[in-house]
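J.: Give me a 3D structure for the following:
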Amino acid sequence: MYKIKRDKKFKEQLEVENDNGEKLTLDVEITLDKQLNEFTKNWRNLEVMNINVQQGKVDYMQMGNAVISIMGVVFGENDAKKLIDFYNCNYIELIQDILPFIAGVIKPQFDKVIKEHTKRNKQALKELTK
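T.: Down below sits the predicted model:
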């Protein structure tokens, strides 16, 4: 039997706690294949912003928009807003706390999908040329 598996979902839970002991727990559920292009585009935008910061070309509005965009992809618009509200719009602290989660937990999942797509595409092309 020939099987095709579609729409791999990644699930994770993120809990953030403030200095008052209040907690916000978010269920992160990402359809990796579906959101790959959007994540990659927004991640690349963050990388460009990082280069600009290192060169002393800081545009906080652009940086904030880049972070909000990638948060929208990862958490969805509603949960991204919940995070921003939980941080009382303290974007510096939000970036320092949330970007390591995105870089260390979420991005590797997308990287796996890219590797898998590359491998599957090579195999498919190889089958065509037989």
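
J.: The spatially closest residue to Asp27 that is not a sequence neighbour: what's it in contact with?
T.: Using Cβ to Cβ, 6 or more residues apart in numbering and skipping residues adjacent in sequence, the residue nearest Asp27 is Gln13, 5.7 Å away. C-beta here means a position set from N, CA and C on the backbone, and glycine is covered the same way. Residues in contact with Gln13 (Cβ atoms under 8 Å, 6 or more residues apart in numbering) are Thr25, Leu26, Asp27, Val28.

J.: May I have the phi/psi pair for the last one?
T.: Which is Val28. Dihedral pair for Val28: phi -90, psi 120, per degrees, to the nearest 10.

J.: What of the first one?
T.: As for Thr25, its main-chain torsions (degrees, to the nearest 10) stand at phi -110, psi 130.

J.: so which strand or helix has the residue nearest the centre of the chain?
T.: Residue closest to the mean C-alpha point of the chain, counted by Cα atoms, centre = their mean, is Val74 at 4.4 Å. Per DSSP states H and E: Val74 is located in helix 60-75.

J.: List the buried residues in the helix or strand just after that helix.
T.: Where DSSP H and E defines the elements, the next helix or strand beyond helix 60-75 is helix 77-86. Under the neighbour-count criterion of 16 or more other Cβ atoms under 10 Å, helix 77-86 has Asp79, Ala80, Leu83, Ile84, Phe86 buried.
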